[in-house]
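K.L.:
the sequence isn't on hand, but the structure is:
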């Protein structure tokens, strides 16, 4: 039996009562820890559960998933996921592999950044497709999100922009040389994201947004020191949002009055 | 102090540990019970919390919100919300009123139907704006959702369709006569929704969808007897999904392979 359990967004206490009961019944517990990160240490989870938690990196979840699936054939296994269960394609894939292998699989939902951003005041039902902005390298500067933001704005929908996380990545040199030396984790900041967005606008010139466009920066959503700032791109470009995780909202060109009423509590000063 | 606390989707155990701790510290507890309903009795909540829960209907939350806000000036008060906190404009409004009145307000997130529908296999980042379908009356047959579904599909985005809930509603006659006689609660079924959607397509004829369009019906998401069926509109039009709550997903014209792989576990037979 495999439980796939959402942990929510902040710390060990954001799990649901149902999720906690499931963990306490499990023999093995894995934590998926590369598509998102919890804002607390794994040791705090272990103390709270009274159980050992095995941190599962990308290789383990994507290439060596049998390490998780094989024991689930005979024991109760939990795969913990930051946010909600189906926020990343990886978890859908694990779910499907269970179904195909005849392993019983149960899902326990939780808050995701995708619904928690309602805390900004922008109404969730008005959001269009979500985009991801990743760190550029010297040779790889993707910007397919630009067209998707354009589509959202052309149709008066808000956009949630998720920012890149690089955990346990190897440099190109170390990959080529086959060395398991990992870079320090990197979390894209709102500043870096806006800088990249403006570079793309300057090269593509479709007038999707500019430095005077109002956006909403959110840092550490659901944490006690959560930070929300509503201001122009040029204002948020240099604003210090502090520790990760960050995300960005690009509102539709037309913001409804109740939304504005709420957003104004977070106005850049 | 007002806590606005998401309860998640199914029963008393879907609350987070943090939410439960907050409730246990509160002097008064209200449950907002008309924009969504929990799939368990209020008495089960009361037993689980060891506290009295006051069920707040539309009038209380929208017109008489001071019943909630006034005690929050001096005591710890909880407003419980099915799903997540900012799923309904009503809760944003309560939040803003706290901010304006200088009442400290804390939000505790949870799963919302808006992220839980990832359980279908359709990827959340590909969803466009969400639409609501409400019960038609003899004189009022709104269908503004039709254009929004069209916009989503034209731009290759999925659509989450939320279905109407009528709780503690009065008939037109009773409203006119000023009688506080309430109709039995009504929950729109997937069958009723598809019937209405097809009527609108037949009158508008923009070719947004038809009876052969593939959709996903979801009933009682997160409950042990959750039901997901992926099939043509004409198939789901008469399929018995059982008890509420229901919702419907209209996939984008192009469904990605991993999505289809997952959806096929729920294929209509």
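P.N.:
Received it, and whenever you're ready, just let me know what you need. Only a predicted model underlies this, so the values are computations on that prediction, with no experimental measurement involved.
K.L.:
let me see the contact set for the closest residue to residue A:109 other than its chain neighbours.
P.N.:
Leaving out its chain neighbours, the residue that sits closest to residue A:109 by C-beta to C-beta, 6 or more residues apart in numbering or on different chains is residue B:111, at 3.7 Å. Where you see a C-beta, it was placed from the backbone N, CA and C, and this is true even at glycine. Shown in contact with residue B:111 (C-beta atoms under 8 Å, 6 or more residues apart in numbering or on different chains): A:6, A:16, A:84, A:109-112, A:115, B:6, B:8-9, B:14, B:83-84, B:222.
K.L.:
same check on residue A:195?
P.N.:
When contacts are counted by C-beta under 8 Å, 6+ apart, residue A:195 touches residue A:237.
K.L.:
over to residue A:26?
P.N.:
Shown in contact with residue A:26 (C-beta under 8 Å, 6+ apart): A:3, A:51, A:75, A:76, A:77, A:78.
K.L.:
quick check: closest non-adjacent residue to whichever residue of the stretch 101-250 of chain A sits closest to chain B.
P.N.:
Closest approach between the stretch 101-250 of chain A and chain B, counting by C-beta to the nearest C-beta: residue A:118, at 2.7 Å. Leaving out its chain neighbours, the residue that sits closest to residue A:118 by C-beta to C-beta, 6+ apart is residue B:86, at 2.7 Å.
K.L.:
the one you found: what secondary structure?
P.N.:
For residue B:86, the assignment made with DSSP: H, G, I helix; E, B strand; the rest coil gives helix.
K.L.:
burial count for it?
P.N.:
Residues within reach of residue B:86, counting by other C-beta atoms under 10 Å in any protein chain shown, total 28.
K.L.:
and what of residue A:149?
P.N.:
Neighbour tally, residue A:149, other C-beta under 10 Å: 24.
K.L.:
give me the contacts around the least confident helix or strand in chain A by mean pLDDT.
P.N.:
Using mean pLDDT, DSSP states H and E, helix A:58 stands out as the lowest-scoring helix or strand of chain A, at a mean of 75. For helix A:58, contacts defined as C-beta under 8 Å, 6+ apart pick out A:34, A:168.
K.L.:
pLDDT (mean, whole number) over the helix or strand following that helix?
P.N.:
As assigned by DSSP states H and E, the chain's next helix or strand after helix A:58 is helix A:66-72. When pLDDT is averaged along helix A:66-72, the result is 93.
K.L.:
buried sites along helix A:66-72?
P.N.:
A:67, A:68, A:69, A:72 (16 or more other C-beta atoms under 10 Å in any protein chain shown).
K.L.:
I figured the second one hits residue A:62, correct?
P.N.:
No: counting by C-beta atoms under 8 Å, no contact exists between residue A:68 and residue A:62, whose distance comes to 10.9 Å.
K.L.:
hang on, residue A:198 packs against residue A:211?
P.N.:
Yes: the pair residue A:198 and residue A:211 qualifies as a contact (C-beta under 8 Å) at a distance of 6.2 Å.
K.L.:
next, show the common contact partners of these two.
P.N.:
A:233, A:237.
K.L.:
quick one, domains of chain A?
P.N.:
Annotated domains of chain A cover A:1-110, A:112-263 [the TED database].
K.L.:
between the two ends of the shortest one, how far is it?
P.N.:
To tie it back to what came earlier, the one meant is domain A:1-110. Length of domain A:1-110, first residue to last, C-alpha to C-alpha, to the nearest Å: 20 Å.
K.L.:
that older thread, strands - which of the contacts of residue B:111 land there?
P.N.:
A:6, B:6 (DSSP state E).
K.L.:
tell me who's in contact with the residue nearest to residue A:118.
P.N.:
A:115, A:118, A:119, A:123, A:124, B:92, B:95, B:107.
K.L.:
looking at these, which is nearest residue B:178?
P.N.:
residue B:92 (30.7 Å; C-beta to C-beta).
K.L.:
could you look up the SS state of the closest one?
P.N.:
Relying on three-state DSSP, one would call residue B:92 helix.
K.L.:
do residue A:248 as well
P.N.:
Quick answer, by three-state DSSP: residue A:248 is strand.
K.L.:
rewinding a little: how about the contacts of residue A:26 in a markdown table, adding pLDDT and neighbour count?
P.N.:
Shown next, in a markdown table, are these (pLDDT from 0 to 100; neighbours: other C-beta atoms under 10 Å in any protein chain shown):
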| residue | pLDDT | neighbour count |
| --- | --- | --- |
| A:3 | 98 | 23 |
| A:51 | 95 | 15 |
| A:75 | 97 | 12 |
| A:76 | 98 | 18 |
| A:77 | 97 | 23 |
| A:78 | 97 | 28 |
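K.L.:
looking at those, spot the one nearest chain B.
P.N.:
residue A:3 (13.4 Å).
K.L.:
and the closest one, how far from residue A:87?
P.N.:
Distance of residue A:3 to residue A:87, computed by C-beta to C-beta, to the nearest Å: 16 Å.
K.L.:
okay, now residue A:27: neighbour count?
P.N.:
Residue A:27: 13 neighbours (other C-beta under 10 Å).
K.L.:
host element of the residue nearest to it when sequence neighbours are not counted?
P.N.:
In space, and not counting its chain neighbours, residue A:27 is closest to residue A:75: 4.2 Å by C-beta to C-beta, 6+ apart. Element membership for residue A:75, per DSSP H and E: none, as it lies in no helix or strand.
K.L.:
isn't residue A:75 up against residue A:25?
P.N.:
No: using C-beta under 8 Å, residue A:75 makes no contact with residue A:25, being 10.6 Å away.
K.L.:
so which of the contacts of residue B:86 sit within helices?
P.N.:
Members of the contacts of residue B:86 lying in helices (criterion: DSSP state H): A:115, B:92, B:95.
K.L.:
write the PyMOL selection for whichever of the residues you listed are buried.
P.N.:
Applied in PyMOL, the following selects the buried portion of the ones in helices among the contacts of residue B:86 according to 16+ other C-beta under 10 Å:
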select buried, (chain A and resi 115) or (chain B and resi 92+95)
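K.L.:
quick check, nearest of the ones in helices among the contacts of residue B:86 to residue A:174?
P.N.:
Closest to residue A:174, out of all of the ones in helices among the contacts of residue B:86 and judged by C-beta to C-beta, is residue A:115, at 37.8 Å.
K.L.:
got the contact list for that closest one?
P.N.:
By C-beta under 8 Å, 6+ apart, residue A:115 lies in contact with A:124, B:84, B:86, B:87, B:109, B:111, B:112, B:114, B:115.
K.L.:
hmm, back to that, could you dump the buried residues of helix A:66-72 to JSON lines with distance to residue A:146?
P.N.:
Shown next, in JSON lines, are those (distance: C-beta to C-beta, whole Å):
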{"residue": "A:67", "distance to residue A:146": "38"}
{"residue": "A:68", "distance to residue A:146": "36"}
{"residue": "A:69", "distance to residue A:146": "38"}
{"residue": "A:72", "distance to residue A:146": "41"}
